[in-house]
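Enquirer: give me coordinates for this.
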Amino acid sequence: MGRVLIQGGTVVNHDRAFKADVFIEDGIIKDVGENLVAIEGTKLIDASGKLVIPGGIDTHTHLDLLFMGTRTGDDFYTGTRAALAGGTTMIMNFILENKQIPLLEQYDMNKTRAEKNACCDFAFHACVYNFNEQVEKDMEVLTKEKGINSFKMFMAYKDAFMISDADMIKVFKKCKELGAIPMVHAENGDVIDECQQKIKNLGITGPEGHLLSRPESLEAEATNRAITIAHEVNSPVYIVHVMSKSAANAVSEGKRKGTVVIGEPIAAGLATDGTHYYNKCWRHSAGHVMSPPLRDDISTPGYLMDLLASGDLELTGTDHCVFNTNQKALGKDDFSKIPNGVNGVEDRMTVIWDRGVKAGKMDPCRFVAVTSTNAAKVFNIYPQKGYIGKGSDADVVVWDPEQSKTISVKTHNQAVDFNIFEGMTCQGAPMVVISNGKIVLEDGNLHVSQGAGRFVETPAFSDYLFERIKKRDSFHPLKVEREAYTGLVVDPTKDLESQMANSKIGEPPVAGHANFHHRPLTKSGARNLQDSSFSLGGEQWDDQPLKTSTRVKNPPGGKSSGIF
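Expert: You can find the predicted model right below:
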């Protein structure tokens, strides 16, 4: 593959930044250090004043997907080509096919497409729609033999992909057994179904109906429910595309309660908002339709970025799933039929740098963590990916923190006629992109090879997640040792009143003073509360005769024999 020496830059990993050169040979980083000497035939790259960072990992893409009656504009070639143009050198794509097709067959279909077309490295997440004996066997094969350590479930899309809570619990347990990661699209599908009908009955058919029928509370409820299930199973859980403040808060709260939960915001939710659903232009508003929807609270993107910077949210994807306007028009008269999906695979790195680092919310090390390293750790491919160090894959980006870029459909590489970041001017962009040791972007020109991408297996039992799970499995609640109960036990098949009558339980307590009388016990055997428990003379109903040894019979101040 040749040799490349990157000179004079600042290497930025998730944990530190330092001045160093980076030498690459045969697709691997062979050395990192100061004043490295170039071997004859080495390509030299001057990175003075620039940052040298690990290539980005987009954890959430949908390429070459048939969805809601049409196929995405980007396939594995155009989608990964666009990814490389933006500094992303690996994508993680969801295997999402007709649920009648067995999981292993779905895997083979997607792997064949990707190996033929992908320009950068790729991995897969599988999707599970129910749980039965065959699904269980397929999950085992995918994890142990096919290199997939993550399984996604949909709590939304009723009558299409939605899984029941009972099956979701079973999938969580199986994932834990296999060392795999359960991933969840968190929205309450049953309530959404009701809301959609309610909104349509009001005569609302445009894209604003998409937002109105999927309120933030339904995302938050489902997020909390998934985290609660994970907590009780003692399994990790990965919440995909966290889109709202309240869902993000549920993730934060779950972490604070000790649940191993990963929250994934996406580029769209970090850089734009749901006010676009009310745009007068149908094409514009429909271009933003995705699920969960962008939120119309304009402070949401900044809030999500704050939580991403602080560590409450872990990493970033894009949910890149693009449809052209004529495809979106399948729902021109019914918002629920608009194909869901937006762009982002090319723009993610730039918008996060601009809204995160340039805005002063995170430093370059945190930027590397949330765009690359944390994903590599979660999916157990670190330090092969997500790290600039000896022995790591040569997926490297020379990043220009000062370069200004205006995002536009006219110049982007994504195969779609709309861009949700249209006209946004951002600071920070890739100057050089190296994928598997090959320069694929330089001087603004792409030099990609169709089919050059490799399938990256994601091994089970990521230490980043499962070390905590294993420790917690060793802790058990303590049993209380007590004497066995030997008293009477009621027979639920017989009359309770007769059983109480033959029991000491049914006998009224004996009062310690003759002035008290007793009404019959209640049906449950309790004292009738209409009985007075004391007399005006101060006696209590349960007073007992004083023992002969009792020397003090009156309280201090003397006994009160009457009202006064």
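Enquirer: tally up the residues packed near the closest residue to Leu51 other than its chain neighbours, please.
Expert: Spatial nearest neighbour of Leu51, chain neighbours left out: Trp399 (4.3 Å); criterion: C-beta to C-beta, 6 or more residues apart in numbering. Every C-beta, even on glycine, is put in place using the N, C-alpha and C of the backbone. Here the number of neighbours of Trp399 (other C-beta atoms under 10 Å) works out to 27.
Enquirer: ok, and what's touching the strand or helix carrying Trp399?
Expert: Assigned by DSSP states H and E, Trp399 belongs to strand 396-406. For strand 396-406, contacts defined as C-beta atoms under 8 Å, 6 or more residues apart in numbering pick out 6, 9, 12, 22, 24, 29, 45, 47, 50-56, 87, 89, 349-350, 353, 357, 364, 388, 423-434.
Enquirer: where exactly do the helices run in the stretch 301-450 of the chain?
Expert: Secondary structure of the stretch 301-450 of the chain (DSSP state H, counting those that start in this stretch): helices located at 325-328, 348-352, 364-368, 374-378.
Enquirer: nearest to Ile227, of those helices?
Expert: helix 374-378 (16.1 Å; C-beta to C-beta).
Enquirer: for that closest one, the averaged confidence score.
Expert: In this model, helix 374-378 has a mean pLDDT of 98.
Enquirer: again with stretch 336-349
Expert: Mean predicted lDDT for stretch 336-349 stands at 98.
Enquirer: tell me how far it lies from the chain's centre.
Expert: Counting by C-alpha atoms, centre = their mean, to the nearest Å, stretch 336-349 is centred 17 Å from the centre of its parent chain.
Enquirer: any idea how far apart the tips of it sit?
Expert: 31 Å (C-alpha to C-alpha, to the nearest Å).
Enquirer: and it, what's buried?
Expert: For stretch 336-349, a neighbour-count test (16 or more other C-beta atoms under 10 Å) marks 336, 338-349 as buried.
Enquirer: go on, stretch 189-200?
Expert: Gly189, Val191, Ile192, Asp193, Cys195, Gln196, Ile199.
Enquirer: closest to Ser235 among the residues you listed?
Expert: Of these, the one sitting nearest to Ser235 (C-beta to C-beta) turns out to be Gly189, at 21.3 Å.
Enquirer: returning to that earlier point: the contacts of strand 396-406 in strands, which ones?
Expert: Among those, DSSP state E puts 6, 12, 22, 24, 29, 45, 51-54, 56, 89, 425-434 in strands.
Enquirer: list buried residues within those.
Expert: Of these, these count as buried by 16+ other C-beta under 10 Å: 6, 12, 22, 24, 29, 45, 51-54, 56, 89, 426-434.
Enquirer: thinking again about what came up before, looking at the helices of the stretch 301-450 of the chain, which is nearest to Arg71?
Expert: Of all the helices of the stretch 301-450 of the chain, helix 325-328 comes closest under C-beta to C-beta, at 8.4 Å.
Enquirer: run a quick neighbour tally on Tyr303.
Expert: Tyr303, neighbours per other C-beta under 10 Å, totals 17.
Enquirer: got a list of what it touches?
Expert: Tyr303 touches Lys245, Ala248, counting by C-beta under 8 Å, 6+ apart.
Enquirer: if I look at Ala180, how far off is Phe379?
Expert: Per C-beta to C-beta, to the nearest Å, Ala180 is found 10 Å from Phe379.
Enquirer: common neighbours of these two, please.
Expert: Shared contacts of Ala180 and Phe379, counting by C-beta under 8 Å, 6+ apart, come down to Asn149, Ser150.
Enquirer: from the chain's centre, how far out does stretch 290-300 sit?
Expert: 16 Å.
Enquirer: in the strand holding Trp399, which residues are buried?
Expert: For strand 396-406, the neighbour count (16+ other C-beta under 10 Å) marks Val396, Val397, Val398, Trp399, Asp400, Pro401, Lys405 as buried.
Enquirer: which secondary structure element of the protein has the lowest mean pLDDT?
Expert: When the helices and strands of the chain are scored by mean pLDDT, DSSP states H and E, helix 496-501 comes last with a mean of 80.
Enquirer: buried sites along that one?
Expert: In helix 496-501, counting by 16+ other C-beta under 10 Å, buried: Gln499, Met500.
Enquirer: pretty sure Ile407 sits against Gln427.
Expert: No - with contact defined as C-beta atoms under 8 Å, Ile407 does not reach Gln427; the gap is 11.9 Å.
Enquirer: need the buried residues of strand 396-406 in JSON lines with distance to Lys471 and pLDDT, can you?
Expert: JSON lines is the format used below for the buried residues of strand 396-406 (distance: C-beta to C-beta, whole Å; pLDDT from 0 to 100):
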{"residue": "Val396", "distance to Lys471": "35", "pLDDT": "98"}
{"residue": "Val397", "distance to Lys471": "36", "pLDDT": "98"}
{"residue": "Val398", "distance to Lys471": "40", "pLDDT": "98"}
{"residue": "Trp399", "distance to Lys471": "37", "pLDDT": "98"}
{"residue": "Asp400", "distance to Lys471": "43", "pLDDT": "98"}
{"residue": "Pro401", "distance to Lys471": "40", "pLDDT": "98"}
{"residue": "Lys405", "distance to Lys471": "45", "pLDDT": "94"}
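Enquirer: which among those residues gets closest to Ser164?
Expert: When the buried residues of strand 396-406 are compared against Ser164 (criterion: C-beta to C-beta), the nearest one is Val397, at 42.7 Å.
Enquirer: which residue, other than its chain neighbours, is closest to that closest one?
Expert: Val397 sits nearest to Gly87 (C-beta to C-beta, 6+ apart), 4.6 Å away.
Enquirer: and His4, bridged to which residues?
Expert: In this structure residue 4 is Val, not His. Taking DSSP bridges, one finds Ile24, Lys43 as the beta-bridge partners of Val4.
Enquirer: ok, it - contacts?
Expert: Val4 touches Phe23, Ile24, Glu25, Thr42, Lys43, Ile45, Ala394, Ile434, Gly437, Ile439, counting by C-beta under 8 Å, 6+ apart.
Enquirer: count the residues that sit near the first one.
Expert: It refers to Phe23. Counted with other C-beta under 10 Å, Phe23 comes out at 22.
Enquirer: the fourth one now?
Expert: The local packing count at Thr42 equals 16, with neighbours defined by other C-beta under 10 Å.
Enquirer: for it, which residues are in contact?
Expert: Thr42 touches Gly2, Arg3, Val4, Leu5, Phe23, counting by C-beta under 8 Å, 6+ apart.
Enquirer: likewise for the last one?
Expert: For Ile439, the contact set (C-beta under 8 Å, 6+ apart) comprises Val4, Lys43, Ile45, Val432, Val433, His447.
Enquirer: cutoff 7 Å now
Expert: Counting by C-beta atoms under 7 Å, 6 or more residues apart in numbering, Ile439 touches Val4, Val432, His447.
Enquirer: and the fifth one, by the same measure?
Expert: Contact partners of Lys43, counting by C-beta under 7 Å, 6+ apart, are Gly2, Arg3, Val4.
Enquirer: would you turn those into CSV with distance to Leu218 and pLDDT?
Expert: Below are these laid out as CSV (distance: C-beta to C-beta, whole Å; pLDDT from 0 to 100):
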residue, distance to Leu218, pLDDT
Gly2, 53, 83
Arg3, 54, 96
Val4, 49, 98
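Enquirer: okay if I get the residues you listed as TSV plus distance to Asn98?
Expert: What follows is those, written out as TSV (distance: C-beta to C-beta, whole Å):
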residue	distance to Asn98
Gly2	43
Arg3	47
Val4	44
